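**Q** next come a sequence and a model predicted from it.
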Amino acid sequence: MDLDTFTWLLTDDGQRLLERAAHLYADDHGRNVGGKQRTDLLAVAAAVRKVEPDAERAAAALTQVQLRVKAVAKFGEDALKMYFTPDGLEQATRHRVATHRAARLAAARPSSVVDLGCGIGGDLIAFSRAGLTTAGVDLDPVRVAVAQANLDALGLGGATMVADSTQLDLAGFGAAFADPARRGARGRVFDETGWTPPWSFVLDLLRRTSVVKVAPGIGHDLVPEGVEAEWVSDDGEVKEASLWSPDLATARKRATVISGEGLVSITDEDDPHQGKERPVVELGKHLYEPDGAVIRAGLVTAVAAGVDGGLLDPHIAYVTSDLSFRSPFMKSYYVIEELPYREKQLKAALVERNIGPITIKKRGVDIVPEQLRKRLALTGDVEATIVLTRVAGVGRVLHVRPF
Ligand SMILES: C[S@@+](CC[C@H](N)C(=O)[O-])C[C@H]1O[C@@H](n2cnc3c(N)ncnc32)[C@H](O)[C@@H]1O
């Protein structure tokens, strides 16, 4: 979608087409085609083309409808009023994560915030909604137009502009935010080369009042002195890390866990074992599986202290304790018994217990749960969860019950 087409989409005629396309899509959506629920996109596209003969405009309207539907997972109901580009949606921060960051920044009461690479406005919206005076810039004119349209559609204030953040005079802004576009920074591998704006720009930015979103794989050694790194998970999945400049930092490392039940945070300040040897203990009555944000932040010993427990193995993120706790930072399991680690004996033990459907968890062992499940070929009636791990180099299997 080019800028002209998007600008047209915002006119009265464009809005009428968008509404019509949404109806045509909804009418067709979930239709039973050959016994399967699906949308016949070609048929919808043809129907939209009957309303709007301009191919580009028709395609842009239908794409918006599809992207809005897809974006509900990230933005909730707001998505149905918003505008997207496919990449812009892909890169946008999830609503709950952006809202947390914006609330935290707003609590520091900066006079304003500039979003240096605002994309379609995922973070920009959250800053504005948190009551901050907000400006967003991006190199890409379409994204800038989309971000502005999103602020307008949601009735939020804020200015946007096409600009190169590396050339911008930031003196007039109370705080800056950056979410650099990254290549190869997904998952476990963190690669700070090839960022736009570059990593050197991020390091400079962190010398002023700022917050920078980075990939969760960032190494602790890359976090500059005085800067706080906050790892954030949403619904059990680690989404990102934020680097908070020294004047906004309240800890060195923080794990924030967001779920439908709310938000909790833990820091290195809460960890009696920071800088000391990790507390390793014998298997207790309960096993705890820390959230990914806690693990990435290196705060497993902090959450272990919270349940008066320790680690089963100093290098593996399983916590054990005799005490039974529910913790938002960890999944909790009751340890029923220990089972043999050797596969033949393990299978015999599971068969003896009439176990069928089985959840296999593992950490620190080279086993593919799916393949093990197939090999075990259990046919019993009883559901079970087993945990495969290593303690001091020795494989162990725990039969557990989630609570
Ligand atoms: C990861 S996206 C931002 C997503 C945004 N935080 C959101 O939630 O929607 C990064 C954005 O930075 C922009 N960008 C990259 N280099 C830039 C530069 N030097 N100046 C301005 N924008 C830049 C890209 O065009 C892209 O839209």
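**A** Cool, got the structure. It should be emphasised that the depicted structure is a prediction, and the values quoted were computed from it without experimental measurement.
**Q** who in the stretch 1-150 of the chain is up against the ligand?
**A** The stretch 1-150 of the chain comes close to the ligand at residues 91-93, 117-123, 137-140, 143, as judged by Cβ under 6 Å from any ligand atom. Every C-beta, even on glycine, is put in place using the N, C-alpha and C of the backbone.
**Q** so which of those are in strands?
**A** Among these, the members found in strands (DSSP state E) are Val137, Asp138.
**Q** and the two most separated of the residues of the stretch 1-150 of the chain next to the ligand?
**A** Thr93 and Leu139 (18.1 Å; Cβ to Cβ).
**Q** which of those two has more neighbours?
**A** The residue with more neighbours, out of Thr93 and Leu139, is Thr93; 26 against 15, by other Cβ atoms under 10 Å.
**Q** report the contact partners of the spatially closest residue to the more buried one that is not a sequence neighbour.
**A** Nearest residue to Thr93, sequence neighbours excluded (Cβ to Cβ, 6 or more residues apart in numbering): Gly122, at 4.2 Å. Shown in contact with Gly122 (Cβ atoms under 8 Å, 6 or more residues apart in numbering): Lys74, Phe75, Gln91, Ala92, Thr93, Arg94, His95, Ala98.
**Q** tell me the contacts of Arg57?
**A** Residues near Arg57 by Cβ under 8 Å, 6+ apart: Thr5, Trp8, Leu9, Gly14, Leu17.
**Q** Trp8 too?
**A** Contacts of Trp8 (Cβ under 8 Å, 6+ apart): Gly14, Arg57.
**Q** and the helix or strand it falls within, how far out from the chain middle?
**A** Assigned by DSSP states H and E, Trp8 belongs to helix 3-9. With Cα atoms, centre = their mean, to the nearest Å as the basis, helix 3-9 stands 31 Å off its chain's centre.
**Q** cool, stretch 193-205 as well?
**A** 21 Å.
**Q** remind me, longest helix of the chain?
**A** Using DSSP state H, we find that the single longest helix of the chain is helix 55-75.
**Q** any chance you could map the helices in the chain?
**A** 3-9, 12-28, 41-51, 55-75, 86-91, 95-107, 122-129, 141-153, 199-205, 292-296, 300-306, 343-352, 369-376.
**Q** reformat these as CSV; add mean pLDDT.
**A** Listed next are those as CSV, based on pLDDT from 0 to 100:
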stretch, mean pLDDT
helix 3-9, 97
helix 12-28, 93
helix 41-51, 88
helix 55-75, 96
helix 86-91, 96
helix 95-107, 97
helix 122-129, 98
helix 141-153, 98
helix 199-205, 95
helix 292-296, 97
helix 300-306, 94
helix 343-352, 97
helix 369-376, 96
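**Q** how about a markdown table for these, with distance to Ala171 added?
**A** Output for these, formatted as a markdown table (distance: least, Cβ to Cβ, whole Å):
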| stretch | distance to Ala171 |
| --- | --- |
| helix 3-9 | 30 |
| helix 12-28 | 38 |
| helix 41-51 | 48 |
| helix 55-75 | 33 |
| helix 86-91 | 28 |
| helix 95-107 | 19 |
| helix 122-129 | 19 |
| helix 141-153 | 22 |
| helix 199-205 | 13 |
| helix 292-296 | 35 |
| helix 300-306 | 39 |
| helix 343-352 | 65 |
| helix 369-376 | 54 |
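**Q** among those, which is the most enclosed?
**A** helix 122-129 (a mean of 28; mean count of other Cβ atoms under 10 Å).
**Q** tell me the angle of it relative to helix 95-107?
**A** Orientation check (axes from the mean of the first three to the mean of the last three Cα atoms, to 10 degrees): helix 122-129 against helix 95-107 gives 50 degrees.
**Q** restricting to C-alpha, output helix 122-129 in PDB.
**A** Extracted in PDB, the C-alpha atoms of helix 122-129 (Å, rounded to 0.1, in the frame of the first residue of the first chain):
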ATOM      1  CA  GLY A 122       2.000   0.400  19.000                       C
ATOM      2  CA  ASP A 123       4.000   2.100  21.700                       C
ATOM      3  CA  LEU A 124       3.000   5.600  20.600                       C
ATOM      4  CA  ILE A 125      -0.600   4.800  21.400                       C
ATOM      5  CA  ALA A 126       0.300   3.500  24.800                       C
ATOM      6  CA  PHE A 127       2.400   6.600  25.700                       C
ATOM      7  CA  SER A 128      -0.500   8.900  24.600                       C
ATOM      8  CA  ARG A 129      -3.000   6.900  26.500                       C
END
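**Q** phi first, then psi, for Gly380.
**A** When read as degrees, to the nearest 10, the backbone of Gly380 gives phi -70, psi -170.
**Q** how about Phe325, phi and psi?
**A** phi -130, psi 150.
**Q** that one - how many residues pack around it?
**A** With other Cβ under 10 Å as criterion, Phe325 counts 16.
**Q** ok, Phe403 next?
**A** Phe403 has 11 neighbours, counted by other Cβ under 10 Å.
**Q** same deal with Leu398?
**A** The number of residues packed near Leu398 is 21, by other Cβ under 10 Å.
**Q** residues from the stretch 151-300 of the chain in reach of the ligand?
**A** Asp164, Ser165, Thr166, Asp179, Ala181, Thr196, Pro197.
**Q** put the buried members of the residues you listed into a PyMOL selection.
**A** Paste this into PyMOL to select the buried members of these, with burial taken from 16 or more other Cβ atoms under 10 Å:
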select buried, resi 165+179+181+197
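**Q** looking at the residues of the stretch 151-300 of the chain next to the ligand, which one is closest to Thr301?
**A** Asp179 (30.4 Å).
**Q** is it true that that closest one touches Lys213?
**A** Yes: between Asp179 and Lys213 there is a contact under Cβ atoms under 8 Å: 4.1 Å.
**Q** where do the contact lists of those two overlap?
**A** Common contact partners of Asp179 and Lys213 (Cβ under 8 Å, 6+ apart): Thr93, Asp123.
**Q** tell me the contacts of the residue in the stretch 201-350 of the chain that the ligand sits nearest to?
**A** Nearest residue of the stretch 201-350 of the chain to the ligand: Lys213, at 6.6 Å (Cβ to the nearest ligand atom). If you count contacts by Cβ under 8 Å, 6+ apart, Lys213 has them with Thr93, Arg101, Asp123, Phe177, Ala178, Asp179, Pro180, Glu240, Ala241, Ser242.
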